[in-house]
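> just to be clear, the model below is a prediction. Sequence and coordinates:
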Amino acid sequence: MDLIKEITLTLSENDKKEFESFLTRKRPGANRKDLEVFRDLFAAYNGNKKNKNSYLGSPNYHAIRKRLSKELTNFLILKKSISERKENKREGIILMILYFIERKKYQVAWELITKEENKAEQYNNIDLNLKIQRLKLSILPYFNQELFPVIKKKMLGLQHKQSQIDEFQLYFIQIKNDLKQKIAQGNVESPTAIIQDALAQYQNIKSESNNPTIHLKVIEMIRAEYILNRKFKIFAEVVQKYYNDFSDKAFDDLMYINTYAQIEYIMSYTFLNSRNFAKSLFHLDKLESLMDQSDTVRLNFMGKRMAISSFINVFDYKIVKAIADTELFLVNEINKITIQENLNLSLNLSGYYIIVGDYSKATKILNFMSESDKYYQKEMGREWLIRKEMILAIVQASIGNTEFSLKIMNGIEVKHKDMLEAEQYGMVKHFIVTIRTYIKNPYEADQKTLSEFENKIALNKEKTFRDPRLIIFYAWMRSRYVKKEAYDILMEEYKRIE
């Protein structure tokens, strides 16, 4: 392996300049040839120079390369150490402690070790604390030998905790692989048996069968696998079976109350997506109960609870309540929720407004979203940004600003061309084409035209409208073609795909 090449390819221009200063830090004149060779190699490896290496065959070339390899390695170690100290990471301090131990400066090393031990315990950094105890052991033959019993006890305790962490990692990888195989086979049983079999193989964690953190991670793993394969209803069935297996035993330690809340939120959202409102509300009630017991849980989940509750109301013929509840929540709780939750709820609310034809209020919300696309993409992601732009286009078309609406949709197609090529976002292009057709020929747009278009693109409503936000777009669009109220269309379509 060409170590110089591998390191050089990772260096930026700023890194290169820093290394040149590092290389010539001692005797600039004596290192002139080393510097020349490094610059030529840097240019060659980074594709900036294609000339043949003029140093090949030189009697000193290999000696220079050897020195460069050593200096590059030292440079990276130093840079890493400085970087970690700036980021409040502690590995760089360990290197400094080793430096003093090697030079038999045990008093200085011990003082540094003690400070680092306090910080490791403060941040519950078990791996770092173990390294610190090993450093203490290396000093004990020469310094503070009477502390051996204390260090021994602490070290054995830390080793047990570290073993638990390592076994948890092995365990989660094992059950993830087992679950993936079961899912591929179409198995719809609860994963409880897989989990118990795996736990029995690990001595340090086999007593953790009712640990809520384990259950949350398992749910997240099976959710990821099923959703990746677009098997939402099967996931709902499997996760309910698993929930039934562990919930009575695991939900009794208030130390894990935030974990319980996360599980109940996932369960509620799962059944919202599978359109089982009764079960979604059942788990939402459990989430609200946990929120009443803990201010932390309330702050963490109040926005998420509001989003689920409002969607259920929309599709339960209570859109007026959904709007009123969301409006009131945003007025009273806006300072208690995150920016992301505020933006999500506000955009949902603007979607509700277009369904009931209140375009002035939808416009008012969208006017407050005046940050740059770059900002929203960073905070919320491109999918959210496209949804915001589509709602804005719908509002402008509805109030007669058709040219502006067309301009917005043209912008979506240009700015997000690569994303719209993906299968899961392909429907956006079809929505745009259909809305554009309506804008250009509003009097010729009818159900026949829409049906022909849907047949052409092979619209699978069951799959496409799994996300309740997408069906809102479609309901507004179809209402233009069939000359009916958008909310009536929404409920008609929603019932049709149940």
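Cool, the structure landed.
> which strand or helix spans residue 292?
Residue 292 is located in helix 277-293, with elements delineated by DSSP states H and E.
> show the subsequent helix or strand relative to the helix or strand of the chain with the lowest mean pLDDT.
Ranked by mean pLDDT, DSSP states H and E, the weakest helix or strand in the chain is helix 461-464, scoring a mean of 62. Downstream of helix 461-464, the first helix or strand assigned by DSSP H and E is helix 468-482.
> tell me what that next one is packed against?
If contacts are counted by 3 or more C-beta pairs under 8 Å, 6 or more residues apart in numbering; DSSP states H and E, helix 468-482 sits against helix 339-356, helix 382-398, helix 426-440, helix 447-457, helix 461-464, helix 486-496. Using the backbone N, CA and C atoms, a C-beta is placed for each residue, glycine as well.
> and those, which one's lowest on average pLDDT?
Per-stretch mean pLDDT for the helices and strands packed on helix 468-482 is lowest at helix 461-464 (a mean of 62).
> only C-alpha atoms, please: export the helix or strand hosting residue 113 in CSV.
Residue 113 is part of helix 106-122 when elements are defined by DSSP H and E. Extracted as CSV, the C-alpha positions of helix 106-122 are listed here (Å, rounded to 0.1, in the frame of the first residue of the first chain):
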residue,chain,number,x,y,z
TYR,A,106,3.8,10.6,37.3
GLN,A,107,2.5,13.4,39.4
VAL,A,108,1.5,15.5,36.4
ALA,A,109,0.0,12.4,34.7
TRP,A,110,-2.0,11.5,37.8
GLU,A,111,-3.5,15.0,38.1
LEU,A,112,-4.5,14.9,34.4
ILE,A,113,-6.0,11.4,34.8
THR,A,114,-8.0,12.5,37.8
LYS,A,115,-9.5,15.4,35.9
GLU,A,116,-10.4,13.2,32.9
GLU,A,117,-11.9,10.5,35.2
ASN,A,118,-14.3,13.1,36.6
LYS,A,119,-15.3,14.1,33.1
ALA,A,120,-15.7,10.6,32.0
GLU,A,121,-18.0,9.8,34.9
GLN,A,122,-19.9,13.1,34.3
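> report how many residues lie close to the residue lying closest to residue 220 once chain neighbours are set aside.
Once flanking residues are discounted, residue 220 sits nearest to residue 266: 7.5 Å by C-beta to C-beta, 6 or more residues apart in numbering. Using other C-beta atoms under 10 Å, the number of residues around residue 266 comes to 18.
> over to residue 389?
Neighbours of residue 389 under the rule other C-beta under 10 Å: 20.
> relative to residue 479, how far out is the residue nearest to it when sequence neighbours are not counted?
Spatial nearest neighbour of residue 389, excluding adjacent residues (C-beta to C-beta, 6+ apart): residue 412 at 5.2 Å. Going from residue 412 to residue 479 by C-beta to C-beta, to the nearest Å gives 21 Å.
> now the helices: where do they sit in the stretch 51-200 of the chain?
Assigned by DSSP state H, counting those that start in this stretch, the helices in the stretch 51-200 of the chain fall at 61-86, 91-102, 106-122, 126-139, 148-184, 192-199.
> any idea of the mean pLDDT in stretch 361-378?
Per-residue scores along stretch 361-378 average to 90.
> swap in stretch 322-336?
Computed over stretch 322-336, the average pLDDT equals 93.
> list the contacts of it.
The contact list for stretch 322-336 (C-beta atoms under 8 Å, 6 or more residues apart in numbering) reads 299, 302-303, 306, 309-311, 313-314, 342, 345-346, 348-349, 352-353, 356.
> CA-only coordinates of that stretch in CSV, if you can.
What follows is stretch 322-336, C-alpha atoms only, in CSV (Å, rounded to 0.1, in the frame of the first residue of the first chain):
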residue,chain,number,x,y,z
ALA,A,322,-59.0,19.6,13.1
ILE,A,323,-58.5,23.2,11.9
ALA,A,324,-59.7,24.7,15.1
ASP,A,325,-57.5,22.5,17.3
THR,A,326,-54.4,23.0,15.2
GLU,A,327,-54.9,26.8,15.1
LEU,A,328,-55.4,26.9,18.9
PHE,A,329,-52.4,24.7,19.5
LEU,A,330,-50.1,26.8,17.4
VAL,A,331,-51.3,30.0,19.1
ASN,A,332,-50.8,28.6,22.6
GLU,A,333,-47.9,26.2,22.3
ILE,A,334,-45.7,27.6,19.5
ASN,A,335,-42.9,28.5,21.9
LYS,A,336,-42.8,25.0,23.4
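> where does the prediction get shaky in the stretch 51-200 of the chain?
Under the criterion pLDDT under 70, the flagged ranges of the stretch 51-200 of the chain are 51-59, 80-92, 182-189.
> quick one: residue 198 from residue 178, how far?
Counting by C-beta to C-beta, the gap from residue 198 to residue 178 is 7 Å.
> between these two, which one's more packed in?
The neighbour comparison of residue 198 against residue 178 (other C-beta under 10 Å) goes to residue 198, with 20 against 16.
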